[in-house]
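[1] Whatever this is, show me its structure:
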Amino acid sequence: METREKFSSRLGFILISAGCAVGLGNVWRFPYITGKYGGAAFVLIYLLFLVILGLPIMVMEFAVGRASQKSAARSFHVLEPKGTKWHITGWAAMAGNYLLMMFYTTVGGWMLSYVFKTASGEFVDKTPQQVEGIFNGMLADPLSMTGWMLLTVIISFGICSMGLQKGVERITKVMMGFLFVILIALCVRSVTLEGAGDGLSFYLIPDFGKMVENGVGEAIFAAMGQAFFTLSLGIGAMAIFGSYISRDRSLTGESINICALDTLIALMAGLIIFPACFAFDVNPGEGPGLVFVTLPNVFNQMLGGQIWGSLFFVFMTFAAMSTIVAVFENIISFAIDLWGWSRKKAVLVNGVVIVLLSMPCVLGFNLWSGFAPLGGTIQDLEDFIVSNNLLPLGSIAYLLFCTSRYGWGWKNFIREADAGKGIKFPKWARVYLSYILPLIVLFIFVMGYWNKFHG
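    As a prediction, this is how the structure comes out:
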């Protein structure tokens, strides 16, 4: 059995955990729903939920990881009271990581391909219809989609194969560093466009009227969902990084840093998207379409748009890759923890497995597009299983495990969370975490189904 590697620095831990949290939801979901529910008014509600929903569950995941020194595959085995069955949730967590990669690798491939498309000038002088045609053409081509997905998997597993410190930590630090530099450059460019002021005021000045118009209940639910979804909590994706850190620092303080970084990046993405869309009179709505159809049109009208567009897709690639590398690290650690495999073997076997598992998502847009589970693509189905099922149910499992005397228990959780210097976990929150937060998460779970089948 190999000895467990540790992060070489605290910065490495914070950047990698933030990298795992900073995914495409920050960029293609956050600005869109912010726009829909009244700009800054929505952001305020979102921040509140981030603190009362996301933060405590993140601390719990880290605590379970650090106390057990294992990934989600084994952490419950180590900490559960004898004779209990908490470890069954480990299987759901593992399934969640694999399922997330079944569609995330494809989207990572889209980002990579768009870096090359934009840099080579494929969008120059194209009408909006033609730009949309390029995106649809990419989806319709199974070979190129498979190629880009393969490249994404090879790069990401390649990084993981170099080890935790030399690979994952070192390269993620560089990626996150570039991500910030590119973000700042794009923000400055976007905010200084002529006509950007309207987009800024829309984004930064709270308009509760607009929120009422679209339904306050809906806005609150959207804010809850986003706060919950943005940190990918509940499938042990974060727990693994807890197992790699020392006990020098309290987990609450570190979790606040990670949430702050994640939110900063989401807010900055909005600072790129809204001013640019308003300056060129483009609607900033629509999930993936925003990134692959709307924004290339915006960059087309911008001076030096080819460079700015390429930079934007490099940023998006880093956002996707940082998540993929983090989850791959998790998947590799499952094999190491469960079967005592070497890192090399875990990388090779899982590389093949992930490529095979990613194929249904790739083919769901073209050869298998006739197959429409629940009325959407295969990707929609995979996303629904992870986001609307495994994340909320897994989060409830972590909550109950850390608060119930039938699980790991409150005292053990607090002792682990508060070990080290830094902000301590509020003791008075126990009742809220034991009885109220699980109900809120259950509500998110039920509403996910309601929206899916009645929306």
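[2] could you give the mean pLDDT of stretch 96-110?
    Mean pLDDT, computed over stretch 96-110, is 95.
[3] going forward, begin numbering at 43 instead of 1
    New numbering, starting at 43: the last item is stretch 138-152.
[4] now that stretch: how far from the chain's centre is it?
    11 Å (CA atoms, centre = their mean, to the nearest Å).
[5] who touches Asp460 in this structure?
    Residues in contact with Asp460 (CB atoms under 8 Å, 6 or more residues apart in numbering) are Ser292, Leu293, Thr294, Lys466, Phe467. Just so you know, the C-beta spots here come from the backbone N, C-alpha and C atoms, and that holds for glycine as well.
[6] now those as TSV including pLDDT, neighbour count and distance to Asp379?
    Formatted as TSV, these follow (pLDDT from 0 to 100; neighbours: other CB atoms under 10 Å; distance: CB to CB, whole Å):
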residue	pLDDT	neighbour count	distance to Asp379
Ser292	95	20	25
Leu293	96	28	21
Thr294	96	20	26
Lys466	96	15	29
Phe467	96	22	26
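[7] Turn those into JSON lines, including distance to Asn454 and secondary structure.
    Listed next are the contacts of Asp460 as JSON lines, based on distance: CB to CB, whole Å; DSSP: H, G, I helix; E, B strand; the rest coil:
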{"residue": "Ser292", "distance to Asn454": "15", "secondary structure": "coil"}
{"residue": "Leu293", "distance to Asn454": "13", "secondary structure": "helix"}
{"residue": "Thr294", "distance to Asn454": "16", "secondary structure": "helix"}
{"residue": "Lys466", "distance to Asn454": "15", "secondary structure": "coil"}
{"residue": "Phe467", "distance to Asn454": "12", "secondary structure": "coil"}
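[8] What is the nearest of the residues you listed to Leu409?
    Minimum distance to Leu409 across the contacts of Asp460 is 46.0 Å, recorded for Leu293 (CB to CB).
[9] Looks like the closest one contacts Pro98 (just checking).
    No - in this structure, Leu293 is not within contact of Pro98 by CB atoms under 8 Å, at 10.6 Å.
[10] shared neighbours of the two, which are they?
    Common neighbours of Leu293 and Pro98 (CB under 8 Å, 6+ apart) are Phe467.
[11] Quick check: mean pLDDT of stretch 279-289?
    On average, the pLDDT along stretch 279-289 is 90.
[12] Quick check: buried residues in it?
    Buried residues in stretch 279-289, counting neighbours by 16 or more other CB atoms under 10 Å, are found at Ala279, Met280, Ala281, Ile282, Phe283, Gly284, Ser285, Tyr286, Ile287.
[13] and the gap between the second one and Met153?
    In this view, Met280 and Met153 are 23 Å apart by CB to CB, to the nearest Å.
[14] for the third one, same thing?
    Distance of Ala281 to Met153, computed by CB to CB: 27 Å.
[15] Low-confidence ranges, the stretch 293-442 of the chain, go.
    Low-confidence segments of the stretch 293-442 of the chain, defined by pLDDT under 70: 327-329.
[16] Hmm, His119 is touching Thr131, no?
    No - between His119 and Thr131 there is no contact under CB under 8 Å: 10.8 Å.
[17] Compare these two (neighbour count), which wins?
    Between His119 and Thr131, Thr131 has the larger neighbour count (other CB atoms under 10 Å), namely 23 against 14.
[18] Grab the nearest non-local neighbour of that one.
    What sits nearest to Thr131 in space, not counting adjacent residues and going by CB to CB, 6 or more residues apart in numbering, is Ala439, at 4.3 Å.
[19] could you show me where the helices are in the stretch 243-392 of the chain, in order?
    Applying DSSP state H, counting those that start in this stretch to the stretch 243-392 of the chain gives helices spanning 250-255, 258-271, 281-284, 293-321, 329-331, 337-343, 347-381, 385-406.
[20] now the angle between helix 293-321 and the longest one, please.
    For helix 347-381 against helix 293-321, the angle by axes from the mean of the first three to the mean of the last three CA atoms, to 10 degrees is 150 degrees.
[21] just the angle between helix 347-381 and helix 385-406, please?
    Counting by the same axes, to 10 degrees, helix 347-381 points 130 degrees away from the direction of helix 385-406.
[22] buried set for helix 347-381?
    Buried residues in helix 347-381, defined by neighbour count with 16+ other CB under 10 Å: 347-348, 350-380.
[23] And the first one, by the same measure?
    Within helix 250-255, the residues that qualify as buried are Lys252, Met253, counting by 16+ other CB under 10 Å.
[24] chain center to that helix: distance?
    Relative to its chain's centre, helix 250-255 lies at 28 Å (CA atoms, centre = their mean).
[25] which residues touch it?
    By CB under 8 Å, 6+ apart, the residues outside helix 250-255 that reach it are Tyr79, Gly80, Gly81, Ala83, Phe84, Ala261.
[26] swap in the second one?
    Residues outside helix 258-271 that contact it (CB under 8 Å, 6+ apart): 67, 71-72, 75, 78-80, 83-84, 87-88, 90-92, 95-96, 253, 429, 433-434, 437, 482-483, 486, 489-490.
[27] can you tell me which of those are in helices?
    Among the contacts of helix 258-271, DSSP state H puts 72, 75, 78, 83-84, 87-88, 90-91, 253, 433-434, 437, 482-483, 486, 489-490 in helices.
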